[in-house]
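Q: got a predicted model here, sequence first, then my questions.
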Amino acid sequence: MAPAARKIFQLKRLGILTGGGDAPGLNAVIRAVVLTASNEYNLEIVGIPDGFDGLLDSDRARVLTLADVRGILSRGGTILGAANRGNPFAKKTTTAGAETIIDVSADALRNIERLKLDGLLVLGGDGTLRISQDLIAHGAPIVGVPKTIDNDMGGTDVTFGFNTAVATATDAADRLHSTAESHHRVMVLELMGREAGWIALVAGVAGGADVILIPEIEFDIAGLIAKLEERRSRGRLFSILAVAEGARLKNNGQVLRSQADALHIARLGGIGQQVSDLIEATSGLETRCTVLGHLQRGGSPVPFDRWLATRYGAAAVRLAARRGFGRMVCYRDAGIGDIALTDALALTPKLVDPTSEMVQMARGVGISFGDDQ
């Protein structure tokens, strides 16, 4: 016998959208939201396509049925689509051949009413949830769900997608070991991580890297070369470097692929090749660079991310059911809770502490951070 539907204080419809870059586990959250809403609350879920862009084009929104979420638990990406540059407070438009930035947030707020949404579940990272907070300030009934492979969202111990990205990066490091050892080369693996080096740190340790370069610890080329030469003196003729894309050489800024503009932050990329070139020029060691890039975002989520995403999705529905708008579900001390979104954003970005046990552990097992310690 199916459980009796719970009373939810007159809530009938919740919307859901997935903003920012995609991450493994988004579909698992969507599935859990639809199942929980149906099984526990007899509540209708409306899927909004392509992040906040879809909220500005409400005709594309549709009710998500149980059939829509069947079989998506293990699928990467998002069945709703994502847009990592959609912001209703700063939308690019062209008028008389000239590009301008306009505020269309009023349209987004009206469409929440037009769709008869009693609440909106927003799955995203720092940028998406900051936009959500701005909408909340204008009266939008939003519950946040933290998503980012970088694991740099404050207020939660871990975000879904991170463990899958780490597994992909670790597998890449494992594969580089065999070719590095065969050819006596230095292999540089560039990983994602703009301001926070969590992927490089965890995957570097798990993948047996000899050097880990992260944004939180500036590196020096002399310290880096000293580590590589010390390994060769012990007969270790190859080395593996895990390098976050936001890593910084002392007295240098981050390596950029494109500059920031009125809408977009600067795009990073190229530090791996720069490090590779510096190693060859300074030491003469044959060095190759591999950029893992968007492979870290794709593919089927690992079991932990499916488990965490499912818990987040169920918790988000329950939080909305008790009108916990303006809050974000979170994972702390192995339990699911919630936190005021303003508080979570105040703790973002969540960075690696250079004095933490994790970094000290890595140093203790012989990993260098390129800072000559």
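A: Great, that's in hand.
Q: buried set for the helix or strand encompassing M328?
A: Under the criterion of DSSP states H and E, M328 resides in strand 327-332. Buried residues in strand 327-332, counted by 16 or more other CB atoms under 10 Å: R327, M328, V329, C330, Y331. For the C-beta atoms, the positions are set from N, CA and C on the backbone; glycine is no exception.
Q: for the third one, give the beta-bridge partners.
A: Beta-bridge pairing for V329 (DSSP bridges): D338.
Q: mind listing the helices for the stretch 251-373 of the chain?
A: Secondary structure of the stretch 251-373 of the chain (DSSP state H, counting those that start in this stretch): helices at 271-283, 303-321, 341-346, 357-364.
Q: ok, now the stretch 101-250 of the chain?
A: 105-114, 126-137, 162-183, 198-206, 221-233.
Q: so where is the chain shaky, pLDDT-wise?
A: Filtered on pLDDT under 70, the chain yields the residue ranges 1-10, 257-266, 373.
Q: can you give the domain ranges for it?
A: The chain breaks down by automatic domain parsing into domains covering 13-160+301-332, 163-296+353-364.
Q: and the end-to-end length of stretch 295-305?
A: This stretch, stretch 295-305, spans 16 Å end to end (CA to CA, to the nearest Å).
Q: stretch 208-215 too?
A: With CA to CA, one end of stretch 208-215 sits 20 Å from the other.
Q: what does stretch 316-329 give?
A: OK, stretch 316-329 end separation, CA to CA: 6 Å.
Q: who's in contact with that stretch?
A: 6, 8-9, 11, 14, 29, 32-33, 36-37, 40-41, 43, 118-119, 121, 129, 136, 141-146, 155-156, 312, 315, 336-342, 344 (CB atoms under 8 Å, 6 or more residues apart in numbering).
Q: filter these to the buried ones?
A: In terms of neighbour count (16+ other CB under 10 Å), the buried residues within the contacts of stretch 316-329 are 8, 11, 14, 29, 32-33, 36-37, 40-41, 43, 118-119, 121, 129, 136, 141-146, 155-156, 312, 315, 336, 338-339, 341, 344.
Q: now, which of those lie within strands?
A: In strands, judged by DSSP state E, the following of these are found: L14, G119, L121, I142, V143, G144, V145, P146, I336, D338, I339.
Q: can I get the residues you listed in JSON lines with distance to D53?
A: As requested, those are exported to JSON lines (distance: CB to CB, whole Å):
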{"residue": "L14", "distance to D53": "19"}
{"residue": "G119", "distance to D53": "20"}
{"residue": "L121", "distance to D53": "17"}
{"residue": "I142", "distance to D53": "16"}
{"residue": "V143", "distance to D53": "20"}
{"residue": "G144", "distance to D53": "18"}
{"residue": "V145", "distance to D53": "18"}
{"residue": "P146", "distance to D53": "21"}
{"residue": "I336", "distance to D53": "29"}
{"residue": "D338", "distance to D53": "27"}
{"residue": "I339", "distance to D53": "27"}
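Q: between the residues you listed, which is nearest I212?
A: Checking these against I212 with CB to CB, the nearest one is P146 at 24.5 Å.
Q: is it true that the closest one touches T156?
A: Yes: when contacts are counted by CB atoms under 8 Å, P146 is listed as touching T156 (5.0 Å).
Q: shared neighbours of the two, anything?
A: M328, C330, A344.
Q: returning to that earlier point: how about the helices of the stretch 251-373 of the chain, which one is nearest G20?
A: Comparing the helices of the stretch 251-373 of the chain by CB to CB, helix 341-346 comes nearest, at 14.0 Å.
Q: on that earlier part again, just tell me which of the domains of the chain ends up closest to D372.
A: Closest among those, using CB to CB: domain 163-296+353-364, at 3.1 Å.
Q: report the central residue of this protein.
A: In the chain, the residue lying closest to the centroid (CA atoms, centre = their mean) is T148, at 1.7 Å.
Q: name all residues that make contact with it.
A: Residues near T148 by CB under 8 Å, 6+ apart: G20, G21, A23, G124, G125, D126, T159, G161, F162.
Q: deepest-packed of the helices of the stretch 101-250 of the chain, please.
A: helix 198-206 (a mean of 26; mean count of other CB atoms under 10 Å).
Q: for that helix, packing partners?
A: Contact here means 3 or more CB pairs under 8 Å, 6 or more residues apart in numbering; DSSP states H and E; on that basis helix 198-206 packs against helix 162-183, strand 186-191, strand 211-213, strand 239-244, helix 357-364.
Q: pull the residues that contact the third one.
A: By CB under 8 Å, 6+ apart, the residues outside strand 211-213 that reach it are 197, 200-201, 204-205, 219, 224, 227-228, 239-244, 247, 271, 275, 362, 367-370.
Q: one more: the last one?
A: Where contact means CB under 8 Å, 6+ apart, the residues beyond helix 357-364 that reach it are L201, G204, V205, I212, I217, V352, D353, F369, Q373.
Q: between these, which sits nearest N252?
A: Using CB to CB, those come closest to N252 at I217, 13.9 Å.
Q: my guess is the closest one contacts T355. True?
A: No: the criterion here is CB under 8 Å, and I217 misses it with T355 at 10.3 Å.
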